[in-house]
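Visitor: sharing a model prediction with you, sequence too.
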Number of protein chains: 2
Amino acid sequence: MKVEEIVKEFLEYVSKMTAYNEALGLIFWDMRTGAPKKGIEQRSQVIGMLSSDVFEMSTSDKMAAYIRELSAHKQALSHQVVKILEECNKSYERNKKIPAEEYREYVVLQSQAETIWEEAKAESNFAKFSPYLEKLVDYNKRFIEYWGYEENKYDTLLDAYEPGVTVKVLDEVFGQLRKEIVPLVHQINNVNQPETDFLYKDFPKEQQKAFSLKVLEQMGYDFGAGRLDETVHPFAIGLNPGDVRVTTKYDEHDWRTAVFGTIHEGGHALYEQNISKDLIGTPLCTGTSMGIHESQSLFYENFVGRNFHFWKKNYDLLKQHSEGQFDHVSLEDFYRAINESKPSLIRIEADELTYPLHIIIRYEIEKGLFNDEIQVKDLPKIWNEKYEEYLGVSPANDGEGVLQDVHWAGGSFGYFPSYALGYMYAAQLKTSMLKDIPNFDELLEKGELSKVKEWLTSHVHQYGKMKKPLEILQDITGEGLNANYLASYLKEKYQKVYDL
Amino acid sequence: MKVEEIVKEFLEYVSKMTAYNEALGLIFWDMRTGAPKKGIEQRSQVIGMLSSDVFEMSTSDKMAAYIRELSAHKQALSHQVVKILEECNKSYERNKKIPAEEYREYVVLQSQAETIWEEAKAESNFAKFSPYLEKLVDYNKRFIEYWGYEENKYDTLLDAYEPGVTVKVLDEVFGQLRKEIVPLVHQINNVNQPETDFLYKDFPKEQQKAFSLKVLEQMGYDFGAGRLDETVHPFAIGLNPGDVRVTTKYDEHDWRTAVFGTIHEGGHALYEQNISKDLIGTPLCTGTSMGIHESQSLFYENFVGRNFHFWKKNYDLLKQHSEGQFDHVSLEDFYRAINESKPSLIRIEADELTYPLHIIIRYEIEKGLFNDEIQVKDLPKIWNEKYEEYLGVSPANDGEGVLQDVHWAGGSFGYFPSYALGYMYAAQLKTSMLKDIPNFDELLEKGELSKVKEWLTSHVHQYGKMKKPLEILQDITGEGLNANYLASYLKEKYQKVYDL
C-alpha cells in the first residue's frame, strides 16, 4: 500500500477515536450539569464501553502497524501527521507496556481508594487511607519500571502531564520561587490585613451569573461556540473548537467563587475555542499540557481578573449587579480586599502569593515518595512540618492537612506541579506580551481584551498539541522556564497591595 | 460453543449497540436543547460514526451467525432472549436486504429532499418538490420488493412503525371512524363556537414552566429520572429508564402550547421511565411501537389533560400562575374553550375531534401511492378534494396543503397512521381501565393520578418491546383494534361540549 493510502486510513482511524472521545466528553459534561441521578448507573456502562473502545483502538495491532509503517516513512509525512503519530505512539507505549491484568487491578484499586479517601478525610483518619496510598504508590513505582526512566524515576510521572519538564527543571524553578516567596509571605504576615467584611454579603445567584456572562463576553469567549452552566466542581471542557463549555458554581455569600471561577474556566475555554480548525478530528486538537492549559486560565484569573485596571473598568458594573454591598467601598479598598494574602491550610482556597507554596510542598513530597526518600506512613508529619516551615501554619488534623486533595487517591502523581508551572508560564508569557502590547493595562481599563486574546491565540492557542509546552515557551520568550518572572510579579504586586 | 456461551456473547454484543444508541440519544437531546451552533458540524461527524457502528453491528457476519445459531436452539432460550433475537433479526433483514450502494443513494436523496421541501413549502411550490417525492416513492417501492409483502405492498411500510397493523385492519377502523366523525364535524360547524379570546393573553414563560412542572409531578413523572428543557420542536426521549427527558416550548401568548405539549410528552416519558429494569441494555428497552407510544401521550393529553375533572383540580392552580387572564372565566367556559373543535387545514394545530381526519386523508393517499392508484403529480388535487370532503375546508395554497408535513420529505411513509392508531388504542385502553378504576374522574379531581400510572405501567409500560402492539391490546381488552371506543368517546364528549 502506498504511504498516502496508509496515512488516509490512519487519519480515519484516529478520527474515530476522537469522535468517541467527543461523545465521552459530552456524557461527562452532562453528568456534571444535570443528568438525572437514576440514569447514572446505565450511563456508566456506556462510558465503560466507549472508553474501552478508545483504549483498545489505541493499543490495537492495527495501531501498532500504523506506527511501524508510518514511522519508517517519516520524511514522506506532513508535519501534522508526524505529530499525530507521535501522540499515538506515546499513548501506545504507555498503555501497552502495563500488563492488562495489572492495569485492571489498578483501576479497581483507584476506585476503592477514592471511596476510602473520602471517608478518611471526613474522619481525619490518615491510618485508614494509608494502606491504599501505599499500594497506589507501589503500583506507580512498578509502572515507572515498565515505562522506563532516564535521570529520575519521578520524571516518568511528570511526563504524563508536562512533557519535557523534569525534576531537574522543577528543582531549580521551585527552589528559586520558594526562596523569593517565603520571606514575602512572612513579611505580609506581620502587617495589617485589608478590610474584607464587605465581600461576604448576599449577592443573588442570577445577578452573579449576569455579571459573569458580561465578563466572559469581554474576554472574547464565543457564545456561538459555548455555553455557561452550573456544577459542583467547576471545569471547562472542549468537545471540539466549536463547542467549548464553561461551568461554574454560585455561592450567594461569596460572589468571588463564581466570578473568579468563571474567569479562570473562561481562560481554559478560550484556549480550546481557538485551536486551529485544521486539527479537528485529531488527537492534537486540545491543549498541549496541563501546565500550558493552566497558564491560560491563571493568566485571565490573576493577570486580568485581579488586576486593578480590570476593576477600574468593571467595578461599577459589579456594583450595579450587587445589592449595594460595595456602596461605600472605594475601588482601592475593593482591590486590596480581593488581593488579600494570608497563609492558609487549604490549597484550593489559597491566594495568588501563597498558592505556589502549596504546590511546592506536594512536589517535594511526591519526588521523595518515588525516589524512596519518604515513606507513606511519615506523610502527615512531613506535611505538617513543611506547612509550618513554608507557610507558618499547622493543620489541626489530617483532614485539613495531608488528606485534603483527591489527586493521590485517584493515582494522579505528577499532576500537582502543573498548577504552579501554569502560573510561571503565564508570568513569563505576560512579560513577552507586554513587548507587543505595552498598553495592556490601558486596554483592560477600556474593556478591550480582543488584542490580548489574539496574541494568545497566535502564540499559544492555535497550535493545540502541535508544539510541546517548552517549545511554546521558547518560541515566545526565547528562553526556558524561568521563575524570576513570577517572583518579580508577585513581589511588585504585593509590595503595592500591602504598602511594604 | 455451548448455547449459554453464545447467548452471553450475543447479549454483550447487543448491549454495546444499545450503549451506542444511548450516546446517540444524548447527542440528539443536546443538539436540540442548546448545543452551541458552531460545534454542530463536527458533532455530525460523531453522529455519523456512531450510527455507522450500530448499523454495521446490526448487519455484520457476527450478527448473522448469532441469529443463525441461536434460532436453531430457540427452545433452549429464555423468552426475553427470543424476543431480543426477533428484534435483531427484523433489523438484520430490513437493513441487509437493500443493496448498500442503493441505500447510500437513498440517504443522500432524503437529505436533499428535506432541504428542497423546506423551500418548496415556504414558496408553496409543489412542482419544486414533486420530482424528489417521486424518487422517494420509487425507492420505497423498490425497497418493498426487496423486503417482500403478503397482501398489500403498503403493509410492508406500515410494519416498520406498527407491526401487525395492516391495510386490512386500517381500512376497517379508519372507515368506521370517518363514518362517525365526519357528520359530527359538519354538525359542529353549524353551531355557535365557545368564547376563546381569554386564552390568548400574556402568560410569562417562567410561570408556564412552573405550572407545567406541577402537572408533570401530578402525573407521576419521576424527576430523579428526568428533566424538563426547552426546545423548538418538543419531544420526549428515553436514554434509559433512569433518564427520560421531556422538552417543551413556550408561547407567551398561548399557554396551551407548553401545558398540553408537556402533558403529551410527559405521557411518552412515563412509558419510557416505567419499562422493566430487566430490559435495560437490550433493544427491547423502549416503547413497542409508534402507535402504542402515541397512545400513552394522547391518553394523558386528551383523557387527562382535556378532561373536565382534571381542571376541577387544576384550574385554580393555573389561575394562580397566570396574570389574571381567567379572573372572570368560569370553569365551564374555560373547559369549553380548551375543547373547541373547528375544522382546520393544519394537522398539528387540529383538535381532538378533527385530528383523526387529517390522518385518514394521509393514510388514503399513501395507500394509493404504493398501490399505483395515485400519482405523485396529482397529489395537490387529491389532497384538496379530500380536505373539502372530510373537513369542509380548502387550502389556499400547497404550503398549507400537501406540503405541510416533513414526513414524506424524510421518506417516512407508513408513519402517519400511528398517530390515529395511538388515539384509538388510548380510547380502548381507557374503557378497560375504567373497569379497574371506576372512580377515574374522581381521582383526577383529587389530583391522585398514581393509580392511573400504575395501571398503565402494569398493562403497557413494563413490557417495553416484549409484547407487540396488538398483543398488548388483546391482553388488556380481549379484542383487536376497534374504532368504536374512540368514536363513542368523541361523540359523547362533543355532544356535551357543544350542547348538541
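Guide: Ah, there it is. The model shown is predicted, which means the values in this text are computed figures rather than measured ones.
Visitor: can you tell me which residues contact the residue most central in space within chain A?
Guide: Central residue of chain A (C-alpha atoms, centre = their mean): A:E294, 4.2 Å from the mean position. Shown in contact with A:E294 (C-beta atoms under 8 Å, 6 or more residues apart in numbering or on different chains): A:418-419, A:421-423, A:425-426. Heads up, the C-betas are built off the backbone N, CA and C, glycines and all.
Visitor: what's the distance between it and A:S418?
Guide: Distance, A:E294 to A:S418, by C-beta to C-beta, to the nearest Å: 6 Å.
Visitor: do the same with A:S341
Guide: Plainly put, A:S341 is 22 Å away from A:S418 if you go by C-beta to C-beta.
Visitor: try A:K38
Guide: Distance from A:K38 to A:S418, by C-beta to C-beta: 36 Å.
Visitor: how many residues are close by the residue in the stretch 401-500 of chain A that chain B sits nearest to?
Guide: Nearest residue of the stretch 401-500 of chain A to chain B, counting by C-beta to the nearest C-beta: A:G464, 14.0 Å away. Neighbourhood size, A:G464 [other C-beta atoms under 10 Å in any protein chain shown]: 26.
Visitor: is it true that it touches A:K277?
Guide: No. A:G464 is beyond contact range of A:K277, at 10.4 Å (criterion: C-beta atoms under 8 Å).
Visitor: how long is stretch A:239-255 end to end?
Guide: One end of stretch A:239-255 to the other measures 28 Å (C-alpha to C-alpha, to the nearest Å).
Visitor: got the buried residues for that stretch?
Guide: If you call a residue buried by 16 or more other C-beta atoms under 10 Å in any protein chain shown, then stretch A:239-255 has these buried ones: A:239-248, A:250, A:255.
Visitor: strands of chain A, start to end?
Guide: For chain A, the strands defined by DSSP state E occupy A:228-230, A:236-240, A:243-248.
Visitor: chain B contacts on chain A?
Guide: For chain A, the residues in contact with chain B (C-beta under 8 Å from any C-beta of the partner chain) are A:15-16, A:19-20, A:22-23, A:26-27, A:30, A:34-43, A:45-46, A:49-50, A:222-227, A:239-245, A:280-281.
Visitor: the helices in the stretch 201-350 of chain A, which residues?
Guide: Under the criterion DSSP state H, counting those that start in this stretch, helices of the stretch 201-350 of chain A are mapped to A:205-219, A:256-273, A:290-298, A:308-321, A:331-338.
Visitor: okay, those in TSV with mean pLDDT next?
Guide: TSV is the format used below for these (pLDDT from 0 to 100):
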stretch	mean pLDDT
helix A:205-219	98
helix A:256-273	98
helix A:290-298	98
helix A:308-321	98
helix A:331-338	97
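Visitor: gap between A:A337 and chain B?
Guide: Look at A:A337 and chain B: by C-beta to the nearest C-beta, to the nearest Å, they are 35 Å apart.
Visitor: hang on, that residue packs against A:E195?
Guide: Yes. Between A:A337 and A:E195 a contact is recorded at 6.5 Å, counting by C-beta under 8 Å.
Visitor: and these two? which has more neighbours close in?
Guide: When A:A337 and A:E195 are compared for neighbours, A:A337 comes out ahead with 19 against 13, by other C-beta under 10 Å.
Visitor: would you mark the buried spots in the lengthiest helix in chain A?
Guide: Longest helix in chain A, counting residues (DSSP state H): helix A:3-32. For helix A:3-32, a neighbour-count test (16+ other C-beta under 10 Å) marks A:6-7, A:10-11, A:13-27, A:29-32 as buried.
Visitor: residues contacting the residue of the stretch 101-250 of chain A found nearest chain B?
Guide: Evaluated by C-beta to the nearest C-beta, the stretch 101-250 of chain A has A:D243 as its residue closest to chain B, separated by 2.6 Å. By C-beta under 8 Å, 6+ apart, A:D243 lies in contact with A:225-226, B:35-36, B:38-39, B:42-43.
Visitor: of those residues, grab the buried ones for PyMOL.
Guide: This is the PyMOL syntax for the buried subset of the contacts of A:D243, where burial follows 16+ other C-beta under 10 Å:
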select buried, (chain A and resi 225+226) or (chain B and resi 35+36+38+39+42+43)
